[in-house]
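# Here is my input, please return the structure:
(chains A and B)
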Protein chains: 2
Amino acid sequence: MEKPFQNKFVLEVLERYKVIWSIEHAMALLSWDSETYMPEDGVEERSVAFSQLDLLKQKFLTEENFMKLVDRANEEGDLNEYEKGVLRVLNREIRVYRLLPPRLVEELAKITQEAKIVWRNARINNNFQVFQPFLEKIFSLSRECADYLGYKEHPYDALLDLYEEGLTSKDVSQIFDSIKNRLKIILDKIQSEKVFSGKHSLEELEYDKKVMEKVNFWVAEKLGYDKKRFRIDVSAHPFTIHMGIKDARITTRYEGKDFKASLFSTIHEYGHALYGLQHNEAFIFTPLANGPSLGLHESQSRFWENVIGRSRAFCAAIYPFLKENLNVLENYSIEDLYRYFNIVRPTLIRVDADEVTYNFHILVRYNLEKSLIKGEVKVNELPTLWNNMVEETLGIRPKTDSEGVLQDIHWSLGSIGYFPTYTIGTILSAQVRHNILQDIPDFYEKISRLEFGEVKEWLRHKIHYWGAMYPPKELIKRMLGEDINPEYFIKYLEEKYF
Amino acid sequence: MEKPFQNKFVLEVLERYKVIWSIEHAMALLSWDSETYMPEDGVEERSVAFSQLDLLKQKFLTEENFMKLVDRANEEGDLNEYEKGVLRVLNREIRVYRLLPPRLVEELAKITQEAKIVWRNARINNNFQVFQPFLEKIFSLSRECADYLGYKEHPYDALLDLYEEGLTSKDVSQIFDSIKNRLKIILDKIQSEKVFSGKHSLEELEYDKKVMEKVNFWVAEKLGYDKKRFRIDVSAHPFTIHMGIKDARITTRYEGKDFKASLFSTIHEYGHALYGLQHNEAFIFTPLANGPSLGLHESQSRFWENVIGRSRAFCAAIYPFLKENLNVLENYSIEDLYRYFNIVRPTLIRVDADEVTYNFHILVRYNLEKSLIKGEVKVNELPTLWNNMVEETLGIRPKTDSEGVLQDIHWSLGSIGYFPTYTIGTILSAQVRHNILQDIPDFYEKISRLEFGEVKEWLRHKIHYWGAMYPPKELIKRMLGEDINPEYFIKYLEEKYF
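Presented below is the predicted three-dimensional model:
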């Protein structure tokens, strides 16, 4: 293999990037610790440290000399793909700070820091009104951002691009247009056939947390948990953090009942972790040691969670161990377990949604965000609009704003344009499955033997290895042979449920 | 109370100091994580991140504008004690970088990074020769440091001052001169009386780690473990880390036998943690949120470990719980437990030493360091000199260098001048005890009821609250009414053992 980085300007950029990488490394650990082990009262000092480091990172990224060096490297004619990748990622990061006035960045940082706390209380007390002024400010600042960042057709595109390079609202609408009605048909059919519909009695059974922990570690080990580079801890909201290409950590949750929530959190986050652990090792300390977009990252977590984790083959393979350890399974067969894993039922809370209804939740948020950013809808109309749209798409209506418009943290964080990446990830996961089945025809037999070596190699070779080197659309086309294609997702569901 | 910081230059200094504080906060967490939870393969990325942040801290501390601002504040005539404290601590930190050429700082950083690994292997393989060239370099660079830093009488004084402000080799020699012979008499008497001498059968008994963990948490809770600000984790070498004034973390070890090692590690580190948790809350984010010296910090850990933890009152108070939980205690009485906690026996390894012989270990290192820095002794003579001196002071002779000159990590880290602070701490702990007994005559009765509230308040009021505001010698004089006085330590031992 050619030596990835050779150009002297790029090498100098990377040398100077090390301090930025190090600050990010520290920030990652601060975040991880905040959610896992930090004593409660540590929060005040932690917040100050975190925002100081965040400012510092920004300072180094936008330092005159550093930007000049990057610009100088940009002028080089003869760069290889690795070097181009480094510059593309850095240019994108710098661009944001170049285009946004510092005043705007500060205002957004300030309002979101407050809004997060206000949102938490608003949700607990089912009080949208206290959150409303914060949300208004966040959407108006985000619109400002969109205008500074620029866009061709829709201001929302400027925000989408921050999470999914090159993605436009036209793309997203096209995707939803092509799946919406077909998903509805699938949902209706499932509900009329009554095999996977309704409630499952396992949802209510209480498990022993220690035993569930044992199950999660056993499953992770079967998937290929490498203790030397990987940890599993506990947090209220499961997440993955990449400390580097040799240290990835996931968390899971133990709520005490409905054990699949804990199990699938573990498998989902494992998919994210694996992505980061299979990058080209030459990307160490560089901006390429990352996924190219949130959607691609989500495609990997969804692939492990849904395509593998909720498959009949996997279900049957883990059944004996689960049966032996989880006494909630005493009276349940493999087929019961499979049905439990794949029950489909319109619910109000996105994070608990099944594979079929999940994208309806995203659709609601997508349409609302787009209209809000465009100014076609006002924040005070949100609660009613939300409820109407949920009723229209899912057939059920939230009784409170807490189980409606207030349920997600994202808007309080200023993450507008983030939600569609969940759908991108879901669709890509099925597209990856289609491609793997071409190359590994005995994919499901391998799963049934809990043999993941070849699958992991395939993912590494096709996706993980390349880190953030290519823009997401390019990586998808190069590796999966075509653009993102929702067809595979629909087919996958049809095949699964009928 | 007057508002601690008012002077506008000092306030500006503190505002700019926040980023340095934040980097230190992050470095503390990186260190803590490295010893507790980091997956093994994370070490390469961790080292780079840590040294980058270390350089960054140094850069901000020695930034022209920051130093000018500190100098400007130094010129203010009308500063209060808090403000003077801030500047004193900062001046001391900056001074080191002002006086030492960057080349020297880099060389030391480089050699110690390598030496740590070489030392580890040298100790495992009992091979002093591979470590010798590194140690020679470290001592010669340290001597250079001493020359750049300046001293009045002995080059070693420049190094001592780095760990214990204002401490000179004259002070240390005086202390050792006044305790050495009397400690020898105490040791001889203990050995002839045969009550606390010899081996104790409990040293060999194996305990259940889970149960021992329960015991440690119970003891910590009795001492006043506040979950909101405090954690206990596990590491090979116990330590305390202060994330801030509201988040202190200790670690302990579980070796599987000789349970007092685990118990007293916990109590010792608790003493350090409590110090940091009882600072004046106004010191948050400032250089005053720290102990004034290593010796004073150690006085607190030793106070809790020895004065409280190894007292008859404490022993009797925790006996019922220990007896109920630790089955190794099945056939042992309170008196057996007390003897086990306080057995005195010359041993070769410092960290396992009892209260009487401990200071002999420090004396050997102190004399050797002083001679090495002065150039009176060469590194290649060390193994033999070490063994001779240990035999002379303790009456036993190491059979290998691993249990002799290679036992401690400190020299490989370049920490020359550090060891005497252990003796300072030990002596101060007895001096604190003397003072507490004046103010709280029923001190031991309180211990026997496991009531520590008043004792903690006393420590807070006299010592912890002041953070790094006063130089150690001044704090001691102000709070304990006289200079450091080894008399109390000798009296304490005599009272205890005879």
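# what's the spacing between stretch A:138-146 and its chain's center?
22 Å (CA atoms, centre = their mean, to the nearest Å).
# And that stretch, what's buried?
The neighbour-count check on stretch A:138-146 (16 or more other CB atoms under 10 Å in any protein chain shown) flags A:138, A:139, A:141, A:142, A:143, A:144, A:145, A:146 as buried. Where C-beta positions appear, they are placed from N, C-alpha and C, glycine not excepted.
# now swap in stretch A:370-378 and tell me
Neighbour-count burial for stretch A:370-378, counted by 16+ other CB under 10 Å, picks out A:370, A:371, A:372, A:373, A:377.
# still on that earlier bit, among the buried residues of stretch A:138-146, which are in helices?
Per DSSP state H, helices hold the following members of the buried residues of stretch A:138-146: A:138, A:139, A:141, A:142, A:143, A:144, A:145, A:146.
# Below-threshold pLDDT in chain A: ranges please.
Low-confidence segments of chain A (pLDDT under 70): A:1-2.
# Work out which residue lies at the spatial centre of it.
In chain A, the residue lying closest to the centroid (CA atoms, centre = their mean) is residue A:298, at 4.3 Å.
# Would you double-check that that residue falls in a helix?
Yes. Looking at residue A:298 with DSSP: H, G, I helix; E, B strand; the rest coil, it is inside a helix.
# That one reaches residue A:425, doesn't it?
Yes. With contact defined as CB atoms under 8 Å, residue A:298 reaches residue A:425; the gap is 2.4 Å.
# so what's the residue nearest to the centre of chain A up against?
By CB atoms under 8 Å, 6 or more residues apart in numbering or on different chains, the residues touching residue A:298 are A:421, A:422, A:424, A:425, A:426, A:428, A:429.
# can we see that at 7 Å?
Going by CB atoms under 7 Å, 6 or more residues apart in numbering or on different chains, residue A:298 touches A:421, A:422, A:424, A:425.
# Quick one: mark the members of those that sit in helices.
Among those, the members found in helices (DSSP H) are A:421, A:422, A:424, A:425.
# shouldn't the second one be in contact with residue A:360?
Same thing as residue A:422. No. Using CB atoms under 7 Å, residue A:422 is not in contact with residue A:360, being 11.7 Å away.
# More neighbours: which of the two?
Using other CB atoms under 10 Å in any protein chain shown as the criterion, residue A:422 and residue A:360 rank with residue A:360 on top: 24 against 20.
# Who are the packing partners of the helix or strand encompassing that one?
Using DSSP states H and E, residue A:360 maps to helix A:358-374. In terms of contacts (3 or more CB pairs under 7 Å, 6 or more residues apart in numbering or on different chains; DSSP states H and E), helix A:358-374 is packed against helix A:128-149, helix A:155-163, helix A:169-193, helix A:382-394, helix A:420-439.
# on that earlier part again, compare the ones in helices among the contacts of residue A:298 and tell me which is most surrounded.
Among the ones in helices among the contacts of residue A:298, the one with the most neighbours (other CB under 10 Å) is residue A:424, at 28 neighbours.
# returning to what we had before: now, which of the buried residues of stretch A:370-378 sits nearest chain B?
Among the buried residues of stretch A:370-378, residue A:373 lies closest to chain B (CB to the nearest CB), at 33.8 Å.
# how close does the nearest residue to the closest one once chain neighbours are set aside get to residue B:495?
Nearest residue to residue A:373, sequence neighbours excluded (CB to CB, 6 or more residues apart in numbering or on different chains): residue A:156, at 4.8 Å. From residue A:156 across to residue B:495, the span is 78 Å (CB to CB, to the nearest Å).
# So the two - more neighbours on which side?
Set side by side, residue A:156 and residue B:495 show more neighbours around residue A:156, with 25 against 9, by other CB under 10 Å.
# Who are the contact partners of the more buried one?
By CB under 7 Å, 6+ apart, the contact list for residue A:156 reads A:169, A:369, A:370, A:373, A:374, A:417.
# right, and the pair among those with maximum separation?
Greatest spacing in the contacts of residue A:156, by CB to CB: A:374 and A:417 (12.7 Å).
# Give the closest residue to residue A:124 in space, chain neighbours not counted.
According to CB to CB, 6+ apart, the nearest residue to residue A:124 is residue A:402 (7.5 Å).
# State the distance from that neighbour to chain B.
To chain B, residue A:402 is 27 Å away according to CB to the nearest CB, to the nearest Å.
# count of residues packed around that residue?
Neighbours of residue A:402 (other CB under 10 Å): 18.
# Quick check, the residue in the stretch 351-498 of chain A closest to chain B?
residue A:467 (14.7 Å).
# That residue touches residue A:288, doesn't it?
Yes. Here residue A:467 lies in contact with residue A:288, judged by CB under 7 Å, at a distance of 4.2 Å.
# Backbone dihedrals for residue A:167, both of them.
When quoted as degrees, to the nearest 10, the phi and psi of residue A:167 stand at phi -80, psi 140.
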